[in-house]
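> Quick one, structure for this:
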Amino acid sequence: MHYYFSGRLSQYLLWLAALAGVAGLLAARSLVAIAPIVGILAVLTNPDLRRDLPLYYRNGAAMRAVAIVFFLLISSLYTSEWGVWRHELYRSLTWLGVPLAFTLAVPLARWQRLVVGSFFVLGTAAVGLATMGQYLLDPASANEAIRIGQNMQAITRIFHIPFGIMLAHAFFWALLLRRDALAGPILRAGLLGAAIATALTLHILAYRTGLLVFYTGLLAYAAWLLARRHRAIGLGLLLLIAVAPWLAYQSLESVRQRWNTTVWDVEQYTHGQDINNYSLARRLAAMETAGSVIQEHWLVGVGPADTHAALMRQYEWHDFGLKMANRIEVHNQYLEALLGGGLIGLGLLLILLFWPLTHPNLRRDPAVCFFIIVQATAMLVVDSFSLQIGLNLFVFGYGFLVVARERREGLRVEGLMEKH
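Residues are numbered from 1 along each chain as shown. As a prediction, this is how the structure comes out:
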């Protein structure tokens, strides 16, 4: 009973849920489903749950997640794809469970947050190194696959797009966690090695989306340094950002193949050629198709559950010569939000992403800033919430960083935050 009344039981259950969530993202998919359940148990074992309950409704980050689910419920008034809608409603429970756990369970201690962050960074780096080792066993075949537009999945079968985003997150978080006073020399060395490993993996495997968010994050950091008048470091980083891609192109066959394939891919679309076998070209065609639908449903969209059906109907009017199997959905979360929810849906997404930056304490937290920069950039080329792992990655990071930070700030205002 001591562990219950002291809050330790709730705190350790939340810690277990967070570690299970990370393990689920990296390898064991079943743990992703279990983690929110453990998180809810952490809430129920909070001895001060009745006292803390109002903090949930005052947590803006948690309420913005609730708004996503609320809009999906409202869309039931005009959806026509009821089977898809019920499935999306089930998936949307993630938006409720994870923020609820990080809001109402006893907050993690500083050392527990360090362990969770380090587990994500070191685990992602380890998967990246193993995948890179697989590439190096037969680089000629891997480069040939890249030449025809294919990508190497992570050795744990993580889809290459979210894995590239995870590698970028791990790089920035590794450098941030090294600054934690609780991190000892061995952990700091490990985190530095993980940062190097993730950067190398992104370049050697030539993950296009991962490299995009990686360099965008570096560019944002360089801009921050220059704004703070750290001119020498900022200009040095800008020089590195300019030179590193060129060096990678000159030294890595995979990067050369990826670049040449990307240019050729886009040219097939711009020149009106057969685009059935070209990934980027089909994405551009999907964006054009989505634009036609959005023009007719600009206010509330066609409904989050009806986006696929609406796109397929529009393809019947202009199919770009695509076979049925190659008529893909739009790979852009902002357009996906517009398509499914119109201006209201897009507004909810933008508020979810960028509202934390209006809070001075969150704006000064580099982990929150890098999370938002990486995710916001990735959404330009990925419909992040359509893939379950993309949704899980975003919601976990949002809960662990944004919701939990607002929770700690709320407890401090109430004078209830313990010193861990």
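> for the stretch 151-300 of the chain, what spans make up the helices?
Defined through DSSP state H, counting those that start in this stretch, the helices belonging to the stretch 151-300 of the chain, from first to last, are 160-177, 185-204, 208-227, 231-251, 253-270, 279-296.
> For the third one, name the packing helices and strands.
For helix 208-227, the contact count by 3 or more Cβ pairs under 8 Å, 6 or more residues apart in numbering; DSSP states H and E identifies helix 160-177, helix 185-204, helix 231-251, helix 366-378 as packing neighbours. In this view, the C-beta of every residue, glycine as well, is placed from N, C-alpha and C.
> And it, what's buried?
Along helix 208-227, the positions that meet the burial threshold by neighbour count (16 or more other Cβ atoms under 10 Å) are 208-218, 220-222, 225.
> Rounded mean pLDDT for the helix or strand containing L9, please.
Assigned by DSSP states H and E, L9 belongs to helix 8-26. For helix 8-26, mean pLDDT is 96.
> got the angle for that helix vs helix 160-177?
Here helix 8-26 points in a direction 130 degrees away from that of helix 160-177 (axes from the mean of the first three to the mean of the last three Cα atoms, to 10 degrees).
> okay, the helices of the stretch 151-300 of the chain in a markdown table with mean pLDDT and distance to F396 next?
Below are those laid out as a markdown table (pLDDT from 0 to 100; distance: least, Cβ to Cβ, whole Å):
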| stretch | mean pLDDT | distance to F396 |
| --- | --- | --- |
| helix 160-177 | 96 | 11 |
| helix 185-204 | 97 | 18 |
| helix 208-227 | 94 | 17 |
| helix 231-251 | 94 | 28 |
| helix 253-270 | 93 | 29 |
| helix 279-296 | 95 | 26 |
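> most neighbours per residue, which of these?
Burial of those is given as mean neighbour count (mean count of other Cβ atoms under 10 Å); helix 160-177 ranks first at a mean of 25.
> list the helices and strands that one packs on?
In this structure, helix 160-177 packs against helix 110-137, helix 185-204, helix 208-227, helix 366-378, helix 388-397, with contacts taken as 3+ Cβ pairs under 8 Å, 6+ apart.
> Output those in CSV; the columns should cover distance to L89.
Converted to CSV, these look like this (distance: least, Cβ to Cβ, whole Å):
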stretch, distance to L89
helix 110-137, 29
helix 185-204, 35
helix 208-227, 28
helix 366-378, 23
helix 388-397, 13
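> Nearest to I68, out of those?
Go through the helices and strands packed on helix 160-177 one by one with Cβ to Cβ and the one that ends up closest to I68 is helix 388-397, at 9.7 Å.
> which one among the buried residues of helix 208-227 gets closest to P366?
Comparing the buried residues of helix 208-227 against P366 with Cβ to Cβ places Y221 closest, at 8.5 Å.
> give the contact list for the closest one.
The contact partners of Y221, taken as Cβ atoms under 8 Å, 6 or more residues apart in numbering, are L237.
> so how far is F214 from it?
Counting by Cβ to Cβ, to the nearest Å, the separation of Y221 from F214 is 11 Å.
> what do you get for G345?
Remark: distance between G345 and F214 (Cβ to Cβ) = 28 Å.
> So which of the helices and strands packed on helix 160-177 is nearest A35?
Of all the helices and strands packed on helix 160-177, the one in closest proximity to A35, counting by Cβ to Cβ, is helix 388-397 (8.1 Å).
> Give the other helices and strands that the closest one contacts.
Against helix 388-397 (3+ Cβ pairs under 8 Å, 6+ apart) you get helix 8-26, helix 93-104, helix 160-177, helix 366-378.
> ok, and for that helix, which residues are buried?
Buried residues in helix 388-397, counted by 16+ other Cβ under 10 Å: 389-397.
> ok, back up a step: make JSON lines out of the helices and strands packed on helix 208-227 and add distance to P304.
Conversion of the helices and strands packed on helix 208-227 to JSON lines gives the following (distance: least, Cβ to Cβ, whole Å):
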{"stretch": "helix 160-177", "distance to P304": "20"}
{"stretch": "helix 185-204", "distance to P304": "31"}
{"stretch": "helix 231-251", "distance to P304": "36"}
{"stretch": "helix 366-378", "distance to P304": "19"}
